[in-house]
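Chemist: Let me see the structure of the following:
(one chain, ligands or ions: 3)
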Amino acid sequence: MTALTLSTSSAATLRADAVVVGVAKGPKGIVVAPGAEAVDKAFDGKLAAVLETLGASGAEGEATKLPAPSGLKAPVVLAVGLGEAPAKDDAYDAEALRRAAGTAARTLTGSKKAAFALPVETAEDAAAVAEGALLGAYAYTAYRTNGDAKKKDDKSAPLAEVALLGAKPRDKAYKAAAERATALAAEVHRARDLINAPSNDLTPKSFATEVQAAGKEFGLKVEVLDEKALLKGGYGGIMGVGQGSENPPRLVKITHTHAKAKKHLAFVGKGITYDSGGISLKPAGHNETMKCDMSGAAAVFAAVLAAAKLGLEVNVTGWLALAENMPSGSAMRPGDVLTMYSGKTVEVLNTDAEGRLVLADALTRASEEQPDAIVDVATLTGAMVLALGNRTFGIMANDDAFRASLHEIAEEVGEQSWPMPMPAELRKGMDSPVADIANMGERMGGGLVAGLFLKEFLGEGITWAHLDIAGPAFNEGGPWGYTPKGGTGSAVRTLLRLAERTAAGDLG
Ligand code: BES
Ligand code: ZN
Ligand code: ZN
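Modeler: Ligands and ions are numbered 1, 2, ... in the order given. Below you'll find the predicted structure:
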């Protein structure tokens, strides 16, 4: 992974392949952001004018490369847009810094070292720039056999080193920010790698093996239920979804504990390693990206590891409900009735509504340990994508205050989300003539129907929220800010901040 160093050097004297500066849209045109004074001086104070001549405006997403004038040690200056300049004395928004740093890191793909001279006045600013740069410096190359990816002077390799200027390397808060950004980015990258891994290699079994290996590496307890244990344990939802595949299902539990923990969080992830739809087969055009249907499990796994790496004073249990949804002679059929882990029966009307079936069992199981709260994360419904688009996840909950907290936390860490309701009248659409409930209801409000289904499988009195990340989990468009094409690692940062806030006693 990209190395991060905090530096007090001047942007003019640090040896690097490029120096990154920020520019913004001021009331009278483009302005150079604080942090770039030494660079501007090397341009005789005309950096803004030079950039304006080249057509730069300071807009978010903009990246302009310039040859450096004499007086700078780096050969290249990269100006990245921060969007609207804040009013005098106001700080730059953390997400603007993250995105600009991410754009810079992506633009410098193939470079060895860059000095980031973006506006850093506080440890929070440093955290935002570090996160953006490290999250932007990502490439998935596991399956490249030729070309640059294997060469030493790899032109497609992520930026190798980030020197963060303006930071105070001996200040505790800055050091902690750098450590946190490094741990967080490594875990977001782990989630992205898992999501990008093709389903012929990432099966429930190989996913579980990866969790066991990481558990060993970081000293976390990992328990795996294989298909025999799931059958014996009565996990009808996970078994039903997995029974059509040659790759049998798993339920994985990974636990971070802290001796001083006062609270216990449970995270539950949907881990469908491939969603073909099953017998209710998805048509071509809807199945090409369905390797991403384990993004919830990847986020949960990554968040538990990040909490452990940072030694958070909170117990966090991750539950990964892993299965492959395939059609075959042994697959569950529309009309089948499953007896779930909770004992409730479900009529499967559509085998493509499989996520709620595996999650239901995992939610019931997670509830048995009476955690203070459960958060599930899932690429659950196309309806949520229709409602909120490709960058925003929906939040449902059985507790309005908890839903509001998660929305606020997501905003703080730079993840777009929106609170969604759980209208009680949608429950009757799932009434089944043969079983306790059907796995499908009204088409309208499909994302909310799925949330109402999950709620039925929670233990009594448990605070719960559900994040439907079907939109933001996988970026089919071009990269932007610190978000790459493909797996994004959506929800990892929200889960980690929830764990941090819970550890600090800020919640409930
Ligand atoms: N994995 C899909 C949801 C999905 C859609 C994720 C688009 C990512 C992008 C899920 O299992 C599914 O197929 N849901 C159905 C439910 C329906 C049959 C009730 C859907 O949303 O169409
Ligand atoms: Zn499905
Ligand atoms: Zn699915």
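Chemist: what about the longest helix along the chain, distance to the chain center?
Modeler: Secondary structure of the chain per DSSP state H: the longest helix is helix 172-196. Distance of helix 172-196 from its chain centroid, counting by CA atoms, centre = their mean, to the nearest Å, is 11 Å.
Chemist: And the helix or strand that it is followed by, what does it pack against?
Modeler: Later in the chain than helix 172-196, the nearest helix or strand by DSSP states H and E is helix 204-218. Packed against helix 204-218, as judged by 3 or more CB pairs under 8 Å, 6 or more residues apart in numbering; DSSP states H and E, are the following elements: helix 172-196, strand 221-225, strand 250-256, strand 264-275, helix 295-309, strand 315-325. Bear in mind the C-beta positions are built from the backbone N, C-alpha and C, glycine included.
Chemist: What are the buried residues along the shortest one?
Modeler: Pointing back at strand 221-225 there. Buried residues in strand 221-225, counted by 16 or more other CB atoms under 10 Å: 222, 224-225.
Chemist: Kindly indicate which of the residues you listed lies nearest ligand 3.
Modeler: Set against ligand 3, the nearest of these by CB to the ion is L225 (20.4 Å).
Chemist: In contact with the closest residue to ligand 3 within the stretch 251-400 of the chain, which residues?
Modeler: Residue of the stretch 251-400 of the chain nearest ligand 3, by CB to the ion: D275 (3.7 Å). Residues near D275 by CB atoms under 8 Å, 6 or more residues apart in numbering: 282, 287, 290, 293, 325, 352, 354-355.
Chemist: Could you turn the buried ones of those residues into a PyMOL selection?
Modeler: To isolate the buried ones among the contacts of D275 in PyMOL, judged by 16+ other CB under 10 Å, type:
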select buried, resi 282+290+293+325+352+354+355
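Chemist: near ligand 3 too, which of the contacts of D275?
Modeler: With CB under 5 Å from the ion as the criterion, these include 293, 355 near ligand 3.
Chemist: of the contacts of D275, list those near ligand 1.
Modeler: 293, 352, 354-355 (CB under 6 Å from any ligand atom).
Chemist: just checking, which of those belong to strands?
Modeler: Nothing among those maps onto strands, per DSSP state E.
Chemist: May I ask which two of the residues you listed are separated the most?
Modeler: The distance between the two most remote of the ones next to ligand 1 among the contacts of D275 (CB to CB) is 10.6 Å, for D293 and D352.
Chemist: residues shared between the contacts of the two?
Modeler: The contact lists of D293 and D352 share 275, 325, where a contact means CB under 8 Å, 6+ apart.
Chemist: picking up where we left off before, what angle separates the longest helix of the chain from helix 204-218?
Modeler: 160 degrees (axes from the mean of the first three to the mean of the last three CA atoms, to 10 degrees).
Chemist: circling back to that earlier point, please produce JSON lines containing the helices and strands packed on helix 204-218, extended by mean pLDDT.
Modeler: Formatted as JSON lines, these follow (pLDDT from 0 to 100):
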{"stretch": "helix 172-196", "mean pLDDT": "98"}
{"stretch": "strand 221-225", "mean pLDDT": "99"}
{"stretch": "strand 250-256", "mean pLDDT": "99"}
{"stretch": "strand 264-275", "mean pLDDT": "99"}
{"stretch": "helix 295-309", "mean pLDDT": "99"}
{"stretch": "strand 315-325", "mean pLDDT": "99"}
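Chemist: Reformat these as JSON lines; add distance to G166.
Modeler: Output for these, formatted as JSON lines (distance: least, CB to CB, whole Å):
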{"stretch": "helix 172-196", "distance to G166": "10"}
{"stretch": "strand 221-225", "distance to G166": "41"}
{"stretch": "strand 250-256", "distance to G166": "33"}
{"stretch": "strand 264-275", "distance to G166": "35"}
{"stretch": "helix 295-309", "distance to G166": "26"}
{"stretch": "strand 315-325", "distance to G166": "33"}
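Chemist: Look through the stretch 1-150 of the chain and state the residue closest to ligand 2.
Modeler: Closest point on the stretch 1-150 of the chain to ligand 2, by CB to the ion, is Y140, at 23.8 Å.
Chemist: can you list the residues of this protein near ligand 2?
Modeler: 275, 352, 354.
Chemist: hang on, the earlier thing: excluding residues flanking it in the chain, which one is nearest the residue of the stretch 1-150 of the chain closest to ligand 2?
Modeler: Using CB to CB, 6 or more residues apart in numbering and skipping the chain neighbours, the partner closest in space to Y140 is N196 (4.4 Å).
Chemist: Make sure N247 is indeed in a helix.
Modeler: No - N247: not assigned to a helix; according to DSSP: H, G, I helix; E, B strand; the rest coil it is coil.
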